[in-house]
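Engineer: Predicted structure and sequence below. I'll ask about it afterward.
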Amino acid sequence: MGDTIHRLRAEQSQFTWDKEIEPELAISSGDTIGFGIQDSSAGQITRDSDATALAELDFARVNPITGPVFVEGAMPGDVLQVDILDLRPEDFGWTAQIPGFGLLADEFPDPWLHVWTIDGPMMYLTDRIAIPVQPMCGVLGVAPAEPGEHGTVPPRRVGGNMDIRQLGEGATLYLPIEVTGALFSVGDTHAAQGDGEVCGTAIEAPMSVDLKLSVRRDMRIDAPEYDVRHPLERPAAARAGYRVTTGIDSDLMEATKQATRAMIAHIVVREGISREQAYALCSVAVDLRISEVVDVPNWVVSAFLPNDIFLRSVQRAAGTMW
């Protein structure tokens, strides 16, 4: 087993999955790689951008993935273990509502953008709404065996753009390998995200990520699995509690939309902010849960809003969110 530390620059990236792409790096099983990661716009949105930048987005250049990495000894049927060791965001991120994209795209047709400053443990939507920095990797995957180019936006059996917010520091991901060498890539790093990422973007941020890649032959899986070693709930959020809205419908997506609409309405009344700001807040801080699937014909989806993100005093704003 290797223990060498390698580096890949953010520019060593692709915009598709394809088993024929030449690897950017070859490593031994057990090696650690420091990845430079571009934001999901590949630099098209900057610290100085406003919503007009969204009209000029080149969608052929979104969701870049750094890699691929060839892992020596990895064979189809094996499992790639990905240990997430460290994530270091740069000093800004962004959240956008892009026309035609997101859970409630029909209800939010206009472009909207918020650029966040990442300087310390919290990021601010307004002077009274602060989101804790909780970095995670949106895209972690290996190349599919199916020939040809495959887009980086949808997730697949071999991983990819899963947007699982728990895949941050301390987590271990397991991916089924379909091609020799695995051909692993990573991207779409977020400074924070709610479960669901409902508006289509989280706090999209360029980042440096350290990962350890190891081949496992003692296990078999058919889809990604992961271990989470850190708490899923912030102590401050547990103490402050949650406001929860629900959606109930025979269609899971409609129930999800109902829960999200109700949460947007609650936040607008509670904080006096715009619907666009509330929708963005749902995407970066609200966690969706499937609460019930057995009482036919209806599903129940719950949306959890942590109360601790709302700052009520100078003392609290200066305190810890953890």
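Structural biologist: Yep, it's here.
Engineer: C-alpha only now, for contacts and for neighbours.
Structural biologist: Fine.
Engineer: Under the pLDDT cut-off, which ranges of this structure? List them.
Structural biologist: For the chain, the stretches with pLDDT under 70 are 1-2, 313-322.
Engineer: quick one, domains of it?
Structural biologist: Using automatic domain parsing, the domain parsing of the chain gives 5-227, 235-318.
Engineer: deepest of these, which one?
Structural biologist: Mean neighbours per residue, mean count of other C-alpha atoms under 10 Å, is largest over those for domain 5-227, with a mean of 20.
Engineer: Quick check: next helix or strand after the helix or strand containing Thr189?
Structural biologist: Secondary structure from DSSP states H and E places Thr189 in strand 182-190. Downstream of strand 182-190, the first helix or strand assigned by DSSP H and E is strand 207-216.
Engineer: Starting from that next one, tell me which strands it pairs with and how they run.
Structural biologist: Paired neighbours of strand 207-216 in the sheet (DSSP bridges): strand 31-37 (antiparallel), strand 79-89 (antiparallel).
Engineer: can you dump the C-alpha coordinates of it into PDB?
Structural biologist: Only the C-alpha atoms of strand 207-216 are listed here, as PDB (Å, rounded to 0.1, in the frame of the first residue of the first chain):
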ATOM      1  CA  MET A 207     -11.400  24.700  -2.800                       C
ATOM      2  CA  SER A 208      -8.300  22.600  -2.000                       C
ATOM      3  CA  VAL A 209      -9.200  19.000  -1.100                       C
ATOM      4  CA  ASP A 210      -7.000  16.200   0.300                       C
ATOM      5  CA  LEU A 211      -8.200  12.700  -0.400                       C
ATOM      6  CA  LYS A 212      -6.800   9.200   0.200                       C
ATOM      7  CA  LEU A 213      -7.600   6.600  -2.400                       C
ATOM      8  CA  SER A 214      -7.500   2.900  -1.600                       C
ATOM      9  CA  VAL A 215      -8.500  -0.300  -3.500                       C
ATOM     10  CA  ARG A 216     -10.800  -2.700  -1.600                       C
END
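Engineer: chain center to it, what's the gap?
Structural biologist: How far strand 207-216 lies from its chain's middle: 16 Å, per C-alpha atoms, centre = their mean, to the nearest Å.
Engineer: Quick check: what element follows it along the chain?
Structural biologist: Downstream of strand 207-216, the first helix or strand assigned by DSSP H and E is strand 225-227.
Engineer: dump the residue contacts of Ala60.
Structural biologist: Taking C-alpha atoms under 8 Å, 6 or more residues apart in numbering as the contact definition, Ala60 lies against Phe15.
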